[in-house]
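Undergrad: quick one, fold the following:
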Amino acid sequence: MGVLNPLIVILQVYQSALFALLAFVMFFRYGNYSKKFLGWFMLLIAIFTLSKASVSPGFYHECHYFSPMAVPLLLLLFPLFYFYLKSLIIPLYRFRNREILHLLPAAVIFLLSMPAFLISSHLADSGSLQSAGMPAAGWPEVIRHACEISIYGCFSLQIVIYSTRVSNLFKVHKSNIEKSFANTRDVRLVWVYSLLVMFLLFLVVLGISRFIGLGRFDIFRDVIGVVEFLIMLGFAVFALMQQDIYPHQAVVEPDNVLLTGSGFPAGQKAATGWVGEPAGLMPITAAVTDMTVKEEKGDCNGLKKYAGSGLTTQQKRVLGRKLDRLMKEKYYLNEKLTIDVLADKLETNSKYLSQLINESQQKNFYTYINTFRVTEAQRLLNERQHQKYSIQGIALMAGFSSKSSFNEAFRRITGMTPSEYVENNNKTETTPP
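TA: Numbers count the residues shown, from 1 in each chain. Below is the predicted model:
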């Protein structure tokens, strides 16, 4: 065993258990729904680490009871991470009973492996240190090969399946946040994407290294343990800091509230929320008596855009005038502006407002609001009294929360960066007629 390995195992178990506890506390105390899945994920990481240590010298007698759990726990990590990501990306997401099927492979492997571990005496007596959860050397060769193929096959299949599912979630998320947020920088989950790429590269390097025989060296196992520890530490810290992007409960208005301009009759309940899955995620706000949610068929089901919308032509005109008035009052300068905030200000709901902007302007919420902000920034950049301000100062004055978000929106809308825009203006001013 490597010199650092015992210390790394202890640190990994301690860190994972601690972050699991913190995640559960945040879930129960603050209602962050995603933290529930994060807590279970980190708890399984702690137990999985113990199961790996169960076949290491110095750890076997203390941890051997965890050994049969190694492979099933490994197969549980992918689904739990997927549920955690869905709880961040899918509005109003709730774990459904049928999603238990994601846990079925781990349960089957566990049930099939338990009898074999119970009847085998080689794991304890032969001194052969197999990988945690793998068949012992004393088993019949046919059984060992069958077990190894099943284990590696399930693991490889999970990588492919959940990589595809996560990729689809990110595609939907990228499109969906631009329908709801004017500033997308803080809700893009770039840290998740970056850590996933690092983890996949780690798996590739690990597989190649073990294939060429580096796994027998203590220093190699120490390095692998340190890298695993750092990846999980980074994930846990960022995950704890990450707040839920969307609400996970529908907001139900009291019976006696009249939603002026919303299209709801007085005395009728209104539920504001989101319904949908990756392929067709759409904000849905409708009267409870008229709301019909289609039966979801798989993870890629969606609702038809603006299906069942009760927004009449007259209501569109009224809502459009109110929206124009707010834009003339430069309400877009609010850097924390979202479609829900704007809808509340207009006394309507996000579905109707999204429909109005999309149909009248052929733009999503991100482009609509940031077009006003970029125009305001151009005005400020052109005025001499504002030339003393930096690009970041102009960005904040125009309603952007950061220089990076300002640069991105400016480039997308004008085709050039703010610096290029200023440079072109200076050239125009200095060019003689």
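Undergrad: and Val192, how many neighbours?
TA: 22 (other C-beta atoms under 10 Å). C-betas here are computed from N, CA, C, even on glycine.
Undergrad: my read: it touches Tyr84, true?
TA: No - assessed by C-beta atoms under 8 Å, Val192 is found out of contact with Tyr84, at 9.3 Å.
Undergrad: count the neighbours of Arg411 for me.
TA: 15.
Undergrad: ugh, typo on my part, it should be Leu111
TA: Leu111: 10 neighbours (other C-beta under 10 Å).
Undergrad: tell me the secondary structure at it.
TA: helix (DSSP: H, G, I helix; E, B strand; the rest coil).
Undergrad: and it, how close does it get to Leu104?
TA: 11 Å (C-beta to C-beta, to the nearest Å).
Undergrad: what does Gln385 give?
TA: For Gln385, the distance to Leu104 - C-beta to C-beta - is 67 Å.
Undergrad: cool, Val160 as well?
TA: Distance from Val160 to Leu104, by C-beta to C-beta: 17 Å.
Undergrad: if you skip the residues just before and after it, what's nearest to Leu240?
TA: In space, and not counting its chain neighbours, Leu240 is closest to Leu22: 6.0 Å by C-beta to C-beta, 6 or more residues apart in numbering.
Undergrad: in which helix or strand would I find that neighbour?
TA: Using DSSP states H and E, Leu22 maps to helix 5-30.
Undergrad: could you give the separation of the helix or strand just after that helix from the chain centroid?
TA: Later in the chain than helix 5-30, the nearest helix or strand by DSSP H and E is helix 34-53. Between the centre of helix 34-53 and the centre of its chain there are 18 Å (C-alpha atoms, centre = their mean, to the nearest Å).
Undergrad: same deal with stretch 159-176?
TA: Relative to its parent chain, stretch 159-176 has a centroid offset of 9 Å by C-alpha atoms, centre = their mean.
Undergrad: what comes up buried for it?
TA: Neighbour counts over stretch 159-176 (16 or more other C-beta atoms under 10 Å) mark Tyr162, Arg165, Val166, Leu169, Phe170, Val172, His173, Asn176 as buried.
Undergrad: tell me the mean pLDDT for that stretch?
TA: What stretch 159-176 shows for mean pLDDT is 89.
Undergrad: before we move on, what about stretch 180-193?
TA: In this model, stretch 180-193 has a mean pLDDT of 87.
Undergrad: then it to PDB, C-alphas only?
TA: This file holds the C-alpha atoms of stretch 180-193, laid out as PDB (Å, rounded to 0.1, in the frame of the first residue of the first chain):
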ATOM      1  CA  SER A 180     -36.000  33.200 -18.300                       C
ATOM      2  CA  PHE A 181     -32.800  35.100 -17.400                       C
ATOM      3  CA  ALA A 182     -31.300  38.300 -18.800                       C
ATOM      4  CA  ASN A 183     -28.000  37.400 -17.100                       C
ATOM      5  CA  THR A 184     -27.100  33.800 -17.700                       C
ATOM      6  CA  ARG A 185     -23.600  33.800 -16.400                       C
ATOM      7  CA  ASP A 186     -24.500  32.600 -12.800                       C
ATOM      8  CA  VAL A 187     -26.900  29.900 -13.900                       C
ATOM      9  CA  ARG A 188     -25.000  28.200 -16.700                       C
ATOM     10  CA  LEU A 189     -23.500  25.500 -14.400                       C
ATOM     11  CA  VAL A 190     -20.100  25.800 -16.100                       C
ATOM     12  CA  TRP A 191     -18.500  24.300 -13.000                       C
ATOM     13  CA  VAL A 192     -20.500  21.100 -13.500                       C
ATOM     14  CA  TYR A 193     -19.500  20.800 -17.100                       C
END
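Undergrad: buried residues in that stretch, which are they?
TA: Ser180, Phe181, Ala182, Asn183, Thr184, Asp186, Val187, Leu189, Val192.
Undergrad: which residues touch it?
TA: For stretch 180-193, contacts defined as C-beta atoms under 8 Å, 6 or more residues apart in numbering pick out 85, 88-89, 170, 173-174, 177-178, 238, 242, 245, 283, 332, 335-340, 350, 365-366, 369-370, 373, 399-402, 404-405, 408.
Undergrad: 7 Å instead?
TA: With C-beta atoms under 7 Å, 6 or more residues apart in numbering as the test, stretch 180-193 has contacts from 85, 88, 170, 173, 177-178, 238, 245, 335, 337-339, 365-366, 369-370, 400-402, 404-405.
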